[in-house]
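Undergrad: The amino acid sequence is not available; the structure is as follows:
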């Protein structure tokens, strides 16, 4: 069986049986395309562990991140396990393939004070009624207040917001639904956007139920959200480029700093594993150590 044909059948399996998100399926497909570009013979039955090791070695030589190589290793493990189960290969070549350890990097986190200043500035900028300013303020308030992913934000409809209970219903990874609370500043910003800005944006388009809209009235794209977050948040993090995940990281870190239970934070963020949430305890520990070194006379 050719790799291209197998990859297509594998993607169908991921979508229909495992019900993975479209973004995850695209990542799997991209990794398998990269493997295909490395092969002289794309018959999957002739791919062995040495072929895979050579593929990963070339990825290392061209400077691919360790996390990317680890993900590609996981991709071919999952792919060949599926291929063996369905009789497309007689042996799994990944059994002796070593997964490189990911380099642990702490996420960018903005301080609570700096975010308060940024969001207050956005509220003032939106006070003149500009639809885009109102949208950007509501969008960033919600990202920080609820700690949701950019894909979850862009997937929200108007009825995803419960304004009375101040909660938002989101669909996370693996099509898992959760309800997340948000605070009064976010509710006020969302109310202002829905009453003073969204009707104007809707009138520019052909009609959509999406909560956040672009300049032309269509559903807002993740790229547009990235641009807004990078413009507004990067200056207070000390990094040149940041994305919406910085607000998610910041929300989680500030919750833990404030005494929130780790499992409660796990539920808010929609993490399948508590181990994923624990990275934020490391962020807080790093911050504590930095404060200690600056403040203690014998540090």
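TA: Happy to help now that I have it. Just so it is clear, the structure is predicted and the values come from calculations on it, not from any experiment.
Undergrad: hey, which helix is longest across the protein?
TA: helix 66-85 (DSSP state H).
Undergrad: just checking, what packs against that helix?
TA: Here helix 66-85 touches helix 3-16, helix 22-38, helix 49-61, going by 3 or more C-beta pairs under 8 Å, 6 or more residues apart in numbering; DSSP states H and E. The way it works is simple: take the backbone N, C-alpha and C, and place the C-beta from them, glycine included.
Undergrad: and the last one with helix 22-38, angle?
TA: It refers to helix 49-61. If you take axes from the mean of the first three to the mean of the last three C-alpha atoms, to 10 degrees, helix 49-61 sits at 100 degrees to helix 22-38.
Undergrad: Report the distance from helix 49-61 to the chain centre.
TA: The chain centre lies 28 Å from the centre of helix 49-61; the measure is C-alpha atoms, centre = their mean, to the nearest Å.
Undergrad: picking that back up, after the longest helix of the chain comes which helix or strand?
TA: Sequence order places helix 112-126 as the next helix or strand after helix 66-85, per DSSP states H and E.
Undergrad: buried residues in that following helix?
TA: Within helix 112-126, the residues scored as buried using 16 or more other C-beta atoms under 10 Å are 115, 118, 119, 122, 123, 126.
Undergrad: Stretch 267-275 too?
TA: In terms of neighbour count (16+ other C-beta under 10 Å), stretch 267-275 has its buried residues at 268, 269, 270, 271.
Undergrad: how far is it from where the chain is centred?
TA: Distance, centroid of stretch 267-275 to centroid of chain: 13 Å (C-alpha atoms, centre = their mean).
Undergrad: Pull the residues that contact it.
TA: By C-beta atoms under 8 Å, 6 or more residues apart in numbering, the residues outside stretch 267-275 that reach it are 146-147, 149, 152, 170, 172-174, 176, 178, 180-181, 248, 252, 255, 262-263, 266, 277.
Undergrad: any idea which of the buried residues of stretch 267-275 is closest to residue 94?
TA: Nearest to residue 94 among those: residue 271, at 26.3 Å, using C-beta to C-beta.
Undergrad: Give me the subset of the buried residues of stretch 267-275 lying in helices.
TA: Mapping those onto helices (DSSP H) picks out 268, 269.
Undergrad: want to throw the buried residues of stretch 267-275 into TSV with pLDDT?
TA: Supplementary listing: these in TSV, determined by pLDDT from 0 to 100:
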residue	pLDDT
268	89
269	89
270	88
271	85
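Undergrad: Same list, the helices and strands packed on helix 66-85, but as CSV with mean neighbour count please.
TA: Formatted as CSV, the helices and strands packed on helix 66-85 follow (neighbours: other C-beta atoms under 10 Å):
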stretch, mean neighbour count
helix 3-16, 16
helix 22-38, 16
helix 49-61, 15
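Undergrad: closest one to residue 87 among those?
TA: The closest of those to residue 87 is helix 3-16. By C-beta to C-beta, the value is 11.5 Å.
Undergrad: who does the closest one touch, helix- and strand-wise?
TA: Counting contacts by 3+ C-beta pairs under 8 Å, 6+ apart, helix 3-16 is packed against helix 22-38, helix 66-85.
Undergrad: Could you give the average pLDDT over the longest one?
TA: Here the mean pLDDT over helix 66-85 is 92, rounded to a whole number.
Undergrad: got it, and stretch 149-157?
TA: 94.
Undergrad: Would you agree residue 60 is in contact with residue 68?
TA: No. Using C-beta atoms under 8 Å, residue 60 is not in contact with residue 68, being 9.8 Å away.
Undergrad: Now flag whichever of the buried residues of stretch 267-275 is closest to residue 16.
TA: Distances from residue 16 to the buried residues of stretch 267-275, taken by C-beta to C-beta, are shortest for residue 270, at 22.6 Å.
Undergrad: what's the distance between the closest one and residue 233?
TA: Separation of residue 270 from residue 233 (C-beta to C-beta, to the nearest Å): 21 Å.
Undergrad: So what touches stretch 115-124?
TA: For stretch 115-124, the external contacting residues (C-beta under 8 Å, 6+ apart) are 110, 133, 136-137, 140-141, 144, 185, 189, 232-233, 236, 247, 250.
Undergrad: That one: how far from the chain's middle?
TA: Using C-alpha atoms, centre = their mean, the offset of stretch 115-124 from its chain centre is 23 Å.
Undergrad: Okay then, goodbye and thanks.
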